[in-house]
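*Asks:* based on what follows, work out the 3D shape:
(chains A and B)
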Amino acid sequence: MVEAKKLIPIYITGKKYLVPNGLTIMKAMEYAGYRYIRGCGCRGGFCGGCGTVYRFKGDYKLQSGLACQTKVVENMYLVQIPFFPANKADYNLDELKPTGGTLLKLYPELARCVSCNTCTKVCPQDIEVMDYMQAALKGDIKSAADISFDCIMCGLCAARCPAEIVQYNIALLCRRLYGKYMTPKAEHVRTRAAEISEGKFDKELSNLMKSDVHLLRKLYNKRDIEPEESKR
Amino acid sequence: MYSQDMVDSINRLEETRKKRIKQDFTLLTSEEKYNLLNQFHPDYKKGTLRELRIGPNKGERVINEIANLFEAYSQIDPNNFDFSEIDHEVDVLVIGGGGAGASAALISQENGANVLLATKLRFGDSNTIMAQGGIQAADKQNDSPPRHYLDVIGGGGFENTPELVNVLVRDAPDAIAWLEDLGVMFDKEIDGTMITIHGGGTSRKRMHSARDYSGGEIMKTLKDEVKNRNIEVIEYSPAIELITDAGICTGAILYNLETDEYIIVRSKTTILATGGAGRLHVQDFPTSNHYGATADGLVIAYRAGNPVIFMDNIQYHPTGAAFPEQIVGLLVTEKCRGLGAQLVNNDGDRFIYELETRDAESAAIIRECVERNKGIETPTGMSGVWLDTPMIDIIHGKGTIQKKLPAMYRQYKRFDIDMSKEPLLVYPTQHFQNGGIIVNEKTETKIINLYGAGEVEGGVHGRNRLMGNSLLECIVFGRRAGKNAALKAKKTNYGKLTLQHVKRYHMELKQANISKDCKSPMLLPDYRRKETISRMIDI
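*Replies:* You can find the predicted model right below:
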C-alpha cells in the first residue's frame, strides 16, 4: 500500500486518530492500530459484516456505509455495528405457500411498516428497501425477491427501522419462495441427474478415468467449443 | 478517477474497439501454453518453493508461505493440556461455515446426525459468499458429464485425481437441483431452462448463475436453512488443533477468539471445510479472498498426518482490480470476459484470447506488464491491463452490465468509475488454493473419521481450477462429506481424546531444528502497521 501524503483526523468510537486520506474505513482502522475480529468478513462488499454508522462534526445527519467500501473523510465520527440481534422466523420451506399470507404469518410486524423510507436511505447497496417491503405487504413476492436480490444482509436497515422490522430476513424468505415455487423447475437438470443415476454415462466416464495423459490431451485438444453466439 | 495517462490510454483503446470486436483470436496450443506458464506464471518463479523438512510430505517442494505454517509448533502445549471438561459431544463436527460446511451440516443432519458447526468468523463469511460468476454443471442437451470431465482435467494440466473429477461432474446436476429446491434464484428462461454461459476453459456453456451474486445467493440460502433446522453453530471459534487417538480423529480443539478460551469438542466424525489460503499473500500478491482464508485446516490436518497434494501451486485470478487503490486485489468476475469484455494493453491491442484457462490468462497479463512493458501504470505505481467492459453493452445491448453484473457495477460506481462506459484496470490476484489435503471420492482423509470438503481438499482441480467448479466442489463434496460422516458416526463410538500426534510432530520439529517461535495456524492476518506493532506493550 502506498500511503497518501495527507493525514486527516477521524474519530473511531469517539477517539481521534490521524489516518491517510483516501483509505477505506476498514484500512484506516487498521492503520490506526486496530486488529479486526468482528466487523470484518470478506473485505470486498459481499458479506455485509462491516456495517458502519458515522456523522460529521456539526452535522445532524447520521450516515452509513460498509467499512470496506467507504472512504474516510475528515472529521468523520464512526462506529461499526458488530452484530445486530435480528428476528428470524423458523420455517419449513417445503410446507409453505408462496403467498402474502405466509409472509404476514411468519413476520406479522411487516404490517407495521409506515413507509418512512429510512431503510432505503440507509442501504449501502442502494436497494429500494421500502419498495420491496411494500411489495411484500401486498403479497407481490416476485417484486420483493427481484428488488431485494442484491441484499447483503448487513443489518443497517433493520437497525434504523422505527417499526422494528428485519427487512432482510423477509426479503430472503421472498427470494426462497420465489426460487422454489414461482419459477418453473429446470427440467433439463433433473433429466440429466436421472440419466446419470441410471448409468447412461458410466462407460464413457470410466473410459476417461482409465485414459493416459496422451489420449486425454488428444481428446482435449480436438474437442469442439460451443460458439459464443449459440442460443443455448 | 483515472489519471491523465490512463485517460490517454483509454482513448487508444476506444480507437481500436471497432477492429477488435471482429478480430478472431486462436486458442493457445498445449505447447504455447506450457511455454507461457513456464516463463511468466508466478508458480514457476525461482525461490517460490521450498522443500518440506517434516511431516507426511517431507522432501516435497511447496509454496514458501505454506511451508512456514507446516514447519511450526502448535498454539497449545500438548504435554500440558486439560481434557477433563468436555464442552460439546456431537455425532458430527463440521469445521468451517462456508458453502461446503453449510452443505455438509444440512446433509449430516438429514442423515440422522447431531451436528455442530464451528466457524472462525460469522457463519457465511467465506469465499463462497464472494463468488460472483457461477457454478458449473453439464445439464444441457449438447453437453454431458464426460465433456465436463475433459474440460476439468484439461484445465488442470491432466494431473487431477480422476476419481474426484468423476464425482464432481457426476454429482453436479443433482447439486443444482438440490439448490433449486432450496429456493436459490438461478437465472432462468421463462420456461425454467437455466441460462448458462461460458467460463474460461469450458467447451460448452454450462455456467449457472444468480446474477453476479451467485455464491452470495447460495450462501444466504444455505445459512437460512441451517438456521431453520436448528443446527447448532458456534461463531468466532476456529479449530486450532484436531484431537486424535491412534490415527483416529476424535474431535477438535476450538479457540474462542473473543474470550481467548479453548473449547473441547468430542465428535464421532469430523468434517474439515475450512477453505483456502489467500490471506497468506503468497509472493506479496494481493488477494480476492475473505479475511479468514489462512489455511488453518491444511495445517491441523497435516500435523495430524494427512498428506497434501499440489501445494506447489496457487491460482492467481487473472483479473483482480489494479485500480483504484482501495479495492486492489478484489475480483473482477470472469463473467465479464464470458460476456465479451476483452483484455487490452496500453497500445489498445489484444494479446491473448480471453477465455483461456486462468493460469494462462494470468501469465499473459504478467508478460504484457513485466516483459513487454505494455501495461498501464497507476498513480501508486502498480501496473495493469485494461478489461474493456463497455464492449459487453455494445455486444449485448445497453443496460446488460447493470442487469447481469450489478455487484461489479456497484463496486466501481462507489469509486466513480462507470464500467459500462470506461474499461477497468486489472492485474492477477491470489485467488484459489488449487491443491489441498488428500481425500478420496467419499471425502475420507487418511485419518480415520476425518473428512474434507471444499477448497481445503485438493486433487479435483489438478493444478488449475476452472471458474464455476469451486462453488460446485463446495456443494458436491460438502454433501458427500455430510452424508458419509453421518453414516459413519452411527457405527462409531466416542474415542479417547489425546494430542499424541502433536507431541510427535513437535519432536520432529525439534529434530529439524525449527525455531519454537514459529507457531500455527495463524487464524487471521495482521494488517496493522509495523510502527504500531513495535510500540505494543503486552500486559
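
*Asks:* share the number of residues neighbouring B:Ala172, please.
*Replies:* Residues near B:Ala172, counting by other Cβ atoms under 10 Å in any protein chain shown, number 29. Where you see a C-beta, it was placed from the backbone N, CA and C, and this is true even at glycine.

*Asks:* okay, the helix or strand hosting B:Leu242 in PDB with CA atoms only?
*Replies:* Using DSSP states H and E, B:Leu242 sits in strand B:239-245. Coordinates of each C-alpha in strand B:239-245 appear next as PDB, following Å, rounded to 0.1, in the frame of the first residue of the first chain:
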ATOM      1  CA  ALA B 239     -10.300 -25.000  15.200                       C
ATOM      2  CA  ILE B 240      -6.700 -24.800  16.300                       C
ATOM      3  CA  GLU B 241      -6.000 -28.500  16.600                       C
ATOM      4  CA  LEU B 242      -7.600 -31.800  15.900                       C
ATOM      5  CA  ILE B 243      -7.900 -34.400  18.700                       C
ATOM      6  CA  THR B 244      -6.800 -37.900  17.800                       C
ATOM      7  CA  ASP B 245      -6.500 -41.400  19.200                       C
END
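
*Asks:* what's the average pLDDT for that strand?
*Replies:* For strand B:239-245, mean pLDDT rounds to 98.

*Asks:* and that strand, what does it pack onto?
*Replies:* strand B:248-255, strand B:262-272, helix B:296-303, helix B:500-511 (3 or more Cβ pairs under 8 Å, 6 or more residues apart in numbering or on different chains; DSSP states H and E).

*Asks:* tell me which of those is the most buried.
*Replies:* Mean neighbour count (mean count of other Cβ atoms under 10 Å in any protein chain shown) peaks for helix B:296-303 among the helices and strands packed on strand B:239-245, with a mean of 27.

*Asks:* what sits up against that helix?
*Replies:* Here helix B:296-303 makes contact (Cβ atoms under 8 Å, 6 or more residues apart in numbering or on different chains) with B:55-57, B:66, B:69-70, B:72, B:74, B:95-96, B:120, B:238-242, B:252, B:272-275, B:277, B:308, B:311, B:433, B:436-437, B:445, B:447, B:450, B:452, B:456, B:501-502, B:505, B:520-523.

*Asks:* those in helices, which ones?
*Replies:* Judged by DSSP state H, helices contain the following of the contacts of helix B:296-303: B:Ile66, B:Leu69, B:Phe70, B:His501, B:Val502, B:Tyr505.

*Asks:* now the residue nearest the centre of chain A: how far from A:Gly51?
*Replies:* The structure's chain A has its C-alpha centroid closest to A:Ile152; by Cα atoms, centre = their mean the separation is 1.9 Å. Counting by Cβ to Cβ, to the nearest Å, the separation of A:Ile152 from A:Gly51 is 9 Å.

*Asks:* can you give me the helices for chain A?
*Replies:* Going by DSSP H, chain A shows helices at A:25-32, A:100-106, A:118-122, A:129-137, A:141-147, A:156-160, A:167-177, A:187-197, A:202-210, A:213-222.

*Asks:* okay, the fourth one in CSV with CA atoms only?
*Replies:* The C-alpha coordinates for helix A:129-137 follow below in CSV (Å, rounded to 0.1, in the frame of the first residue of the first chain):
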residue,chain,number,x,y,z
VAL,A,129,-35.8,-1.4,0.5
MET,A,130,-39.1,0.3,1.3
ASP,A,131,-40.4,-0.5,-2.2
TYR,A,132,-39.7,-4.2,-1.6
MET,A,133,-41.3,-4.1,1.8
GLN,A,134,-44.4,-2.5,0.3
ALA,A,135,-44.4,-5.2,-2.4
ALA,A,136,-44.1,-7.9,0.3
LEU,A,137,-47.0,-6.3,2.2
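
*Asks:* what packs against that helix?
*Replies:* Counting by 3+ Cβ pairs under 8 Å, 6+ apart, helix A:129-137 packs on helix A:100-106, helix A:118-122, helix A:141-147, helix A:167-177.

*Asks:* what's the answer for the fifth one, then?
*Replies:* In this structure, helix A:141-147 makes packing contacts with helix A:129-137, helix A:167-177, judged by 3+ Cβ pairs under 8 Å, 6+ apart.

*Asks:* mind listing what's buried in that helix?
*Replies:* A:Ile141, A:Ser143, A:Ala144, A:Ala145, A:Ile147 (16 or more other Cβ atoms under 10 Å in any protein chain shown).

*Asks:* list just the nearest of these to chain B.
*Replies:* A:Ala145 (6.5 Å; Cβ to the nearest Cβ).

*Asks:* separation between A:Asn221 and B:Phe477?
*Replies:* A:Asn221 is 29 Å from B:Phe477, by Cβ to Cβ.

*Asks:* neighbour count for these two, which is higher?
*Replies:* B:Phe477 (33 against 11).

*Asks:* same question for the helix or strand encompassing that one, mean pLDDT?
*Replies:* Following DSSP H and E, one finds B:Phe477 within helix B:469-490. The pLDDT scores in helix B:469-490 average 98.

*Asks:* that one and chain A in contact?
*Replies:* No: judged by Cβ under 8 Å from any Cβ of the partner chain, helix B:469-490 and chain A are separated, with a smallest distance of 12.2 Å.

*Asks:* report the angle between the axes of that helix and strand B:262-272?
*Replies:* Going by axes from the mean of the first three to the mean of the last three Cα atoms, to 10 degrees, helix B:469-490 is angled at 110 degrees with respect to strand B:262-272.

*Asks:* with only the CA atoms kept, save helix B:469-490 in PDB.
*Replies:* Output of helix B:469-490 as PDB, limited to C-alpha atoms (Å, rounded to 0.1, in the frame of the first residue of the first chain):
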ATOM      1  CA  ASN B 469     -16.000 -25.500 -10.300                       C
ATOM      2  CA  SER B 470     -15.300 -24.200  -6.900                       C
ATOM      3  CA  LEU B 471     -18.900 -23.500  -5.900                       C
ATOM      4  CA  LEU B 472     -19.600 -26.900  -7.400                       C
ATOM      5  CA  GLU B 473     -16.900 -28.500  -5.400                       C
ATOM      6  CA  CYS B 474     -18.300 -27.000  -2.200                       C
ATOM      7  CA  ILE B 475     -21.800 -28.300  -2.800                       C
ATOM      8  CA  VAL B 476     -20.800 -31.700  -4.200                       C
ATOM      9  CA  PHE B 477     -18.100 -32.600  -1.700                       C
ATOM     10  CA  GLY B 478     -19.900 -30.900   1.200                       C
ATOM     11  CA  ARG B 479     -23.000 -33.000   0.600                       C
ATOM     12  CA  ARG B 480     -20.900 -36.200   0.200                       C
ATOM     13  CA  ALA B 481     -18.900 -35.400   3.400                       C
ATOM     14  CA  GLY B 482     -22.100 -34.700   5.300                       C
ATOM     15  CA  LYS B 483     -23.700 -38.000   4.300                       C
ATOM     16  CA  ASN B 484     -20.600 -40.200   4.800                       C
ATOM     17  CA  ALA B 485     -19.700 -38.600   8.100                       C
ATOM     18  CA  ALA B 486     -23.200 -39.000   9.400                       C
ATOM     19  CA  LEU B 487     -23.500 -42.700   8.400                       C
ATOM     20  CA  LYS B 488     -20.000 -43.400   9.800                       C
ATOM     21  CA  ALA B 489     -21.000 -41.700  13.100                       C
ATOM     22  CA  LYS B 490     -23.800 -44.200  13.500                       C
END
